[in-house]
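[1] only geometry, no sequence info:
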């Protein structure tokens with residue numbers, strides 16, 4: 001069986017990342033799931049953006065958490081990528097969940113941190129995932145592993161995965177310590193031994209962000225659970241041929 005394929009921030013090579021356009025393209029290109037990033041607005045609403053600040057992917061300036069959800073949705077989140085995407089909005093997490101519910105897509109929600117993040121961010125995100133009946137289709141991931149400890153206490157039924165960049169010695173041991181059951185390593189921190197160890201200890205392993213066809217092929221040979229890529233169509237071509 002081939003690894004599953006998650007589109008990183010949607011089909012982000014083809015449309016502005018973390019927008020509904022990018023998610024729609026990911027679906028059309030055959031992705032099994034999408035990966036997205038969540039911050040909270042000033043009024044505590046979970047919104048879909050990668051950066052803690054607005055400058056790179058919108059026409060706004062400042063911290064995400066300094067603006068209300070309504071103000072964030074008034075920004076242009078598409079023109080930076082290409083003028084044809086002018087007017088593309090910053091999605092609310094709830095909008096994305098409502099859309100995903102009508103598809104068969106899996107969902108990797110990365111929880112981000114920024115100054116002013118709502119203290120009840122976890123609760124709000126879990127409530128939304130539960131309200132849309134997506135508990136079995138979601139994995140939470142974070143570089144801040146304290147978030148995962150909290151999430152295990154809050155919603156043990158939802159999968160949790162540690163994000164990390166450097167190679168870890170026996171990462172399955174550490175993951176167990178923080179209550180995670182998945183590994184989301186930077187792909188260059190992965191080798192065959194790591195994959196075998198993860199699978200032997202019952203952990204899913206989904207390396208990110210993998211766009212090189214030969215690297216995709218090698219990770220698949222080693223037996224990763226899934227890959228996370230900016231180029232879903234290319235990855236699917238590699239994985240199915």
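    Arrived safely. No experiment lies behind these values; they were computed from the predicted model shown.
[2] which SS class is the most centrally placed residue in the chain?
    In the chain, the residue lying closest to the centroid (CA atoms, centre = their mean) is residue 35, at 2.9 Å. Put simply, residue 35 is strand when judged by DSSP: H, G, I helix; E, B strand; the rest coil.
[3] mind listing what residue 134 touches?
    97, 100-101, 107 (CB atoms under 8 Å, 6 or more residues apart in numbering). Every C-beta, even on glycine, is put in place using the N, C-alpha and C of the backbone.
[4] in strands only, show me those residues.
    Using DSSP state E, residue 107 are the members of the contacts of residue 134 that sit in strands.
[5] which of the contacts of residue 134 sits closest to residue 43?
    When those are compared for distance to residue 43 (CB to CB), residue 97 comes out closest, at 18.4 Å.
[6] any idea how far the closest one is from residue 10?
    Between residue 97 and residue 10 the distance is 14 Å, computed by CB to CB, to the nearest Å.
[7] those two: which has the busier surroundings?
    With neighbours defined as other CB atoms under 10 Å, residue 97 and residue 10 compare such that residue 10 has more, 29 against 22.
[8] quick one: pLDDT of the more buried one?
    As predicted, residue 10 sits at a pLDDT of 98.
[9] show me the contacts for the residue lying closest to it once chain neighbours are set aside.
    Of all residues beyond its chain neighbours, the one nearest residue 10 is residue 22 (2.6 Å), with distances taken as CB to CB, 6 or more residues apart in numbering. By CB under 8 Å, 6+ apart, residue 22 lies in contact with 7, 9-12, 14-16.
[10] per-residue pLDDT, residue 241?
    At residue 241, pLDDT is 89.
[11] what about it, neighbour count?
    6.
[12] distance of it from residue 174?
    Counting by CB to CB, the gap from residue 241 to residue 174 is 36 Å.
[13] what of residue 184?
    13 Å.
[14] pull up the overlap in contacts between those two.
    Joint contacts of residue 184 and residue 174 (CB under 8 Å, 6+ apart) are residue 162.
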